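Student: turn this into a model:
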Amino acid sequence: MSIPRKSLRAAAVAAVLTLGLAACSSSGGAQEDAGGGGGGAGGEVVTGGEQYTIAMVTHEAPGDSFWDKIRAGAEDAAAQHGIDLKYSNNDAADQQATLIQNAIDSGVDGIATTLVTPAALAPAVQRAVDAEIPVIGFNAGIDEYEDLGALMYFGSDETVAGQAVGEKITEAGGAKALCVIHQQGSVALEARCAGVKDTFANTENIQVEGTSLPSVQSTLQAKLAQDPDIDWIVTLGAPYALAAMQSINAAGSEANVATFDLNVQAAQAIADGTLAFSVDQQPYVQGYEAVDSMWRYLSNGNDLGGGSAVLTGPSIVDETNIDFILPFAKNNTR
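Tutor: Residues are numbered from 1 along each chain as shown. Got it, this is the predicted structure:
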């Protein structure tokens with residue numbers, strides 16, 4: 001289905017990156033710390049005469065390939081500046097807080113962390129601030145990062161991104177949308193669906209078990225069979241878009257699918273015309289900037305954003321630009 005293109009609200013990234021360079025992918029769901037090796041930033045290492053150790057702590061769930069792009073960006077920035085990058089992750093809020101505490105205890109120079117569950121992470125982040133360890137937020141927590149004490153933030157405004165989706169569904173003449181939340185309690189995912197409903201009122205949320213794609217597919221298939229008025233499914237991660245398309249086929253529905261985020265399969269589906277569009281938050285940029293900007297802060301006192309979040313999205317990927325973007329998606333940088 002052809003969807004009219006509409007320009008979005010201004011969302012600028014403060015640094016110029018070369019996204020076409022090769023980047024190494026780390027396996028999804030790794031639970032061990034990993035030193036920064038760089039995936040293809042290239043060029044001469046610029047360290048400023050001192051090597052820093054930076055911890056990156058995320059809520060990556062096991063097997064979620066989305067985080068490969070964040071790690072690729074982070075590792076490229078670490079390689080560029082001679083940074084010792086320590087990556088760790090856990091999708092349980094209390095365990096992510098423990099990983100932040102572990103980073104504090106190890107005496108790192110800086111911490112970059114996602115803030116997907118702000119209340120649960122607040123005490124750990126405050127302990128880092130009290131220990132005079134600078135903290136940068138990224139990916140989740142755009143409305144809370146300042147209150148938590150983080151210096152900077154890199155990510156998409158998820159409400160604005162959701163509104164962009166609702167606008168496109170409205171333009172396409174949609175009847176009813178189903179917004180699929182795959183992680184309970186995530187402020188970012190809830191903001192996305194709320195944004196969709198802001199601009200397309202007939203939107204219903206549905207909670208699915210995001211750690212099981214077969215479960216996601218069966219839940220959506222049952223919902224489509226129950227409610228034939230649904231003509232759009234909005235997923236909040238690329239793997240779930242593919243599960244949604246399978247559920248549509250199994251249910252004999254003619255619903256369209258739009259998604260947040262991008263992977264190779266979703267990019268190819270857009271190119272093939274089976275996925276309407278993606279709202280990309282550019283995770284490679286988030287990972288790169290979180291580490292690069294920490295280095296610039298530590299080495300030169302720079303603070304990007306001027307007191308505001310630096311937006312990496314929303315960036316619409318659809319039939320109008322997929323031919324340009326698909327090679328970068330295959331390269332793990334988009």
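
Student: how many neighbours does Asn102 have?
Tutor: 16 (other C-beta atoms under 10 Å). In short, each C-beta sits where N, CA and C put it, glycine included.

Student: host element of it?
Tutor: In the assignment (DSSP states H and E), Asn102 maps to helix 93-105.

Student: just the CA atoms of that helix, as CSV, please.
Tutor: Provided in CSV are the C-alpha atoms of helix 93-105 (Å, rounded to 0.1, in the frame of the first residue of the first chain):
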residue,chain,number,x,y,z
ALA,A,93,15.0,-3.3,36.3
ASP,A,94,16.6,-4.4,39.6
GLN,A,95,19.4,-6.2,37.8
GLN,A,96,20.1,-3.2,35.5
ALA,A,97,20.4,-1.1,38.7
THR,A,98,22.9,-3.7,40.1
LEU,A,99,24.9,-3.4,36.9
ILE,A,100,25.1,0.4,37.3
GLN,A,101,26.3,-0.2,40.9
ASN,A,102,28.9,-2.6,39.7
ALA,A,103,30.2,0.0,37.3
ILE,A,104,30.4,2.5,40.2
ASP,A,105,32.2,0.0,42.4
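
Student: what comes up buried for that helix?
Tutor: Neighbour-count burial for helix 93-105, counted by 16 or more other C-beta atoms under 10 Å, picks out 93, 96-97, 99-100, 102-104.

Student: counting contacts, what elements does the next helix or strand after that helix pack onto?
Tutor: The element immediately downstream of helix 93-105 (helix or strand, assigned by DSSP H and E) is strand 110-113. For strand 110-113, the elements it packs on are strand 53-58, helix 93-105, helix 118-130, strand 135-138, helix 283-300, judged by 3 or more C-beta pairs under 8 Å, 6 or more residues apart in numbering; DSSP states H and E.

Student: Ile316 belongs to a strand?
Tutor: Yes. According to DSSP: H, G, I helix; E, B strand; the rest coil, Ile316 belongs to a strand.

Student: that one bridge partners, please.
Tutor: Applying DSSP bridges to Ile316 gives these bridge partners: Val279.

Student: which among the buried residues of helix 93-105 gets closest to Glu50?
Tutor: Ala103 (18.8 Å; C-beta to C-beta).

Student: next one, pLDDT for Gly20 please.
Tutor: Looking at Gly20, its pLDDT is 31.

Student: ok, Ala267 - contacts?
Tutor: If you count contacts by C-beta atoms under 8 Å, 6 or more residues apart in numbering, Ala267 has them with 278, 317, 322, 325-326, 329-330, 334.

Student: excluding chain neighbours, what is closest to Cys179?
Tutor: Nearest residue to Cys179 in three dimensions, chain neighbours excluded: Cys193, at 3.9 Å (C-beta to C-beta, 6 or more residues apart in numbering).

Student: one more: Ala74?
Tutor: Closest residue to Ala74 apart from its sequence neighbours, by C-beta to C-beta, 6+ apart: Gly287 at 3.8 Å.

Student: ditto for Thr117
Tutor: Ala93 (4.0 Å).

Student: how much space between the one you found and Tyr284?
Tutor: Note on Ala93: its distance to Tyr284, by C-beta to C-beta, to the nearest Å, is 25 Å.
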